[in-house]
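Chemist: okay, here's the prediction I keep looking at, along with the sequence it came from:
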Amino acid sequence: MSMKDSKPNLSNFQITGIVERLFGFTPSSIRPLPSYDDQNFIVTTLEGKEYVLKVMNSEISLDLSLLELQTDIMNFLQKRGLPVQTVLPTLTGQLMSLEEIDCGFGVKSYMVRLMTYLPGTVLGKMTCTPQILYETGKIAATVDNVLLQMEHPCLESLQRKNFIWSLASVPLLKQYLPVIDGDPMQQIVKGVIEQYQIQVEPKLSSFRKCINHGDFNDHNILVESDDSSNYKIAGILDFGDMSSGYFIFELAITLTYMMIENSSPLDVGGPVIAGWESVIPLNEAEKDALYVLVLSRLCQSLVLGRHAVLQQPENEEYLMLTAKTGVRILFLLWQKGKEEVMRIWLQSAAEYAENYQGAGTKK
């Protein structure tokens with residue numbers, strides 16, 4: 001099923017009816033949020049309270065065990081002090097409701113969830129200081145580390161074989177390469193896939209396993225100022241890309257997205273890695289794979305973004321948000337090469353580790 005066929009397209013009238021029937025209140029306003037393959041809304045009640053309504057695409061809506069697990073993981077993390085949304089029950093006490101809805105292309109089943117609204121500023125709208133980048137690396141590692149304690153009967157549903165956004169699925173990009181035919185970046189993407197198969201795949205057994213959030217991007221992290229002149233992480237959003245993976249996958253994904261909006265992308269690696277290693281120090285195999293894994297994520301964003309635009313041309317601006325800047329960064333990293341990039345990142349990480357760990361990140 002294509003993204004175009006599975007993505008919901010509910011009207012405000014339909015959203016109002018769902019909210020009234022399932023949750024018992026009448027919205028005073030409904031504001032859409034940008035999304036890749038689901039539909040998200042900020043719903044304000046007549047009493048002035050705000051919630052986020054998430055309508056899943058019809059394909060993922062059929063994977064009940066995975067959605068149940070995502071919901072329970074959010075509650076698990078929130079109870080352990082992490083700034084994560086929680087899911088509110090319906091009037092009948094259910095945390096999810098599978099709704100039969102016609103969005104204009106026939107009746108389909110869409111899973112609906114209502115979540116708490118977290119205040120804060122999306123990281124993508126901030127100028128990311130080294131301190132924010134350090135905190136981002138630290139909290140990404142903390143989430144994966146805490147999830148090692150997670151026990152759940154549906155954990156196997158995170159073994160998402162061939163999940164295209166997993167860094168385990170980089171070789172699957174080959175089938176999508178025609179979408180960048182004629183683009184000079186195609187040769188670089190082919191080269192990255194080859195490096196992945198030579199340098200990363202044989203070493204997977206040396207990486208430490210965990211559950212990956214899988215999408216620590218600058219639009220899924222909320223920040224707010226603390227009592228000093230620094231910022232703290234106020235929210236972690238969107239657990240839809242969770243899968244079984246490895247700690248180094250999460251670091252690579254986080255580092256990739258933190259570079260996207262930064263005017264000096266090479267300078268991002270140091271504080272992000274230092275923040276990560278304040279929780280989970282990297283082993284040698286993980287360090288050796290980081291460069292290729294970051295390039296791999298940039299290639300996924302470029303190729304899969306282009307593929308998605310063919311199915312949703314009206315959503316091109318959002319779908320290509322990462323890829324447009326990512327192309328420039330991919331070219332930069334590829335030209336500099338692994339040895340030079342890792343030298344910059346690891347030297348910088350050592351300096352930030354000394355500065356921030358010794359001063360509680362206040363320096």
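Modeler: Here it is on my side, so go on. Quick caveat, the model's predicted, so the values are computed rather than measured.
Chemist: could you grab the helix/strand/coil label for the residue positioned nearest the centre of the chain?
Modeler: For the chain, the residue sitting closest to the mean C-alpha position, by CA atoms, centre = their mean, is residue 215 at 1.3 Å. Assigned with DSSP: H, G, I helix; E, B strand; the rest coil, residue 215 falls in the coil class.
Chemist: isn't it right up against residue 253?
Modeler: Yes - distance between residue 215 and residue 253: 7.0 Å, which falls inside the contact criterion (CB atoms under 8 Å). In this view, the C-beta of every residue, glycine as well, is placed from N, C-alpha and C.
Chemist: all strands in the stretch 201-350 of the chain, in order from the N-terminus.
Modeler: 209-212, 221-225, 231-236, 243-246 (DSSP state E, counting those that start in this stretch).
Chemist: any idea which of the ones you listed gets closest to residue 83?
Modeler: strand 231-236 (4.9 Å; CB to CB).
Chemist: name the residues that touch that closest one?
Modeler: With contact meaning CB atoms under 8 Å, 6 or more residues apart in numbering, strand 231-236 is reached by 77, 82-85, 118-120, 126, 129, 131-132, 135-136, 139, 143, 213, 216, 220-226.
Chemist: so where is this protein shaky, pLDDT-wise?
Modeler: 1-5, 309, 311-323, 357-363 (pLDDT under 70).
Chemist: tell me how it divides into domains.
Modeler: 3-116, 121-358 (automatic domain parsing).
Chemist: buried ones in stretch 221-231?
Modeler: 221-223, 230-231 (16 or more other CB atoms under 10 Å).
Chemist: make a markdown table out of those and add distance to residue 109.
Modeler: Shown next, in a markdown table, are the buried residues of stretch 221-231 (distance: CB to CB, whole Å):
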| residue | distance to residue 109 |
| --- | --- |
| 221 | 31 |
| 222 | 31 |
| 223 | 36 |
| 230 | 45 |
| 231 | 40 |
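Chemist: which one of those residues sits closest to residue 324?
Modeler: Using CB to CB, the buried residues of stretch 221-231 come closest to residue 324 at residue 221, 19.8 Å.
Chemist: count the neighbours of the residue lying closest to that closest one once chain neighbours are set aside for me.
Modeler: Among residues not flanking residue 221 along the chain, residue 123 sits closest, at 4.3 Å (CB to CB, 6 or more residues apart in numbering). By other CB atoms under 10 Å, 25 other residues sit near residue 123.
Chemist: over to residue 202?
Modeler: Count around residue 202 with other CB under 10 Å applied: 10.
Chemist: distance of it relative to residue 284?
Modeler: 14 Å (CB to CB, to the nearest Å).
Chemist: contacting residues for residue 247?
Modeler: 141, 144, 207-210, 280, 286.
Chemist: then residue 70?
Modeler: 239-240, 242 are the contacts of residue 70 under CB under 8 Å, 6+ apart.
Chemist: make it 6 Å
Modeler: residue 239 (CB atoms under 6 Å, 6 or more residues apart in numbering).
Chemist: all helices for the chain, in order.
Modeler: 3-6, 12-23, 64-79, 130-146, 185-195, 247-260, 269-277, 284-311, 316-319, 321-336, 338-358 (DSSP state H).
Chemist: quick one: closest of these to residue 46.
Modeler: helix 12-23 (11.2 Å).
Chemist: show me the contact partners of that closest one.
Modeler: Contact partners of helix 12-23, identified using CB under 6 Å, 6+ apart, comprise 26-27, 30, 41, 43, 90, 97, 114.
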